[in-house]
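Below is the sequence, then the predicted model.
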Amino acid sequence: MAGFAIGAVIVAAVTGGSDSGEGAKSSATVTATETVTGSVMPESTPKPSASASEEEESAGDGIPGDGTFVVGTEIKPGTYRTAGPADGDIDSCYWARLKGTSGDAGDIITSGVTKGPATVTISPGDKAFQTGDCKDWKKAD
């Protein structure tokens, strides 16, 4: 814990005298110091970072809905299956294995559009998997 001191100096002059104009003057100097001990900033303990194997364990066994999912932290590498397009106005679903998440077309390793069931194998070296308008992907292996 951090401590700090607060000090104050008080100077007081006392004047006294008689009606005759003769008076005695006195002055006093008083110093008061108060020490306060406490935390200036809340103490925090840094959290240890998760290892790659712990991150993979926290990744789920499926891929829910639309989005871009990071391999190893949000999803596990492996083979996944979808029943096809999600219910709605669009009759196809899109998927892509990605080597980066910049949004550039050069990040696409491979991709597909399907009107029916699909199976995709996501490699451990893939950076992310992107899916849109597909029913949930279920881990097949």
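In hand now; what should we look at? A quick note: this is a predicted structure, and the numbers were derived from the prediction, not measured.

End to end on stretch 122-131, go ahead and measure it.
According to C-alpha to C-alpha, to the nearest Å, stretch 122-131 extends 12 Å from its N-terminal end residue to its C-terminal end residue.

Share the number of residues neighbouring the closest residue to residue 98 other than its chain neighbours, please.
Once its chain neighbours are removed from consideration, residue 98 has its nearest residue in residue 128; the separation is 4.3 Å (C-beta to C-beta, 6 or more residues apart in numbering). Placement of C-beta: from N, CA and C, glycine included. Neighbour count for residue 128, taken as other C-beta atoms under 10 Å: 22.

Check whether residue 102 sits in a helix, strand or coil.
At residue 102 the chain is in coil, as set by DSSP: H, G, I helix; E, B strand; the rest coil.

change the start of the numbering to 44 and stick with it
All set: I'll call the first residue 44, so the last point we hit is now residue 145.

That one: what's it in contact with?
Residues counted as contacts of residue 145 (C-beta atoms under 8 Å, 6 or more residues apart in numbering): none.

Show the pLDDT at it.
Per-residue pLDDT puts residue 145 at 96.

For the residue lying closest to residue 182 once chain neighbours are set aside, which residues are in contact?
Distances taken as C-beta to C-beta, 6+ apart put residue 104 closest to residue 182, at 4.4 Å, once the chain neighbours are dropped. Remark: with contacts taken as C-beta under 8 Å, 6+ apart, residue 104 is in contact with 119, 181, 182.

Surely the residue nearest to residue 141 and residue 112 touch.
Yes - at 6.1 Å, residue 171 and residue 112 qualify as touching, with contact defined as C-beta atoms under 8 Å.

pLDDT weak spots in the protein?
Within the chain, the set of residues satisfying pLDDT under 70 comprises 44-103.

Let's see that with 50 instead.
Scanning the chain with the threshold set as pLDDT under 50 gives 44-101.

all strands for it, in order.
Remark: strands of the chain, listed N- to C-terminal, are 46-58, 68-80, 105-106, 110-113, 121-125, 136-141, 151-157, 161-165, 171-175, 180-182; assignment by DSSP state E.
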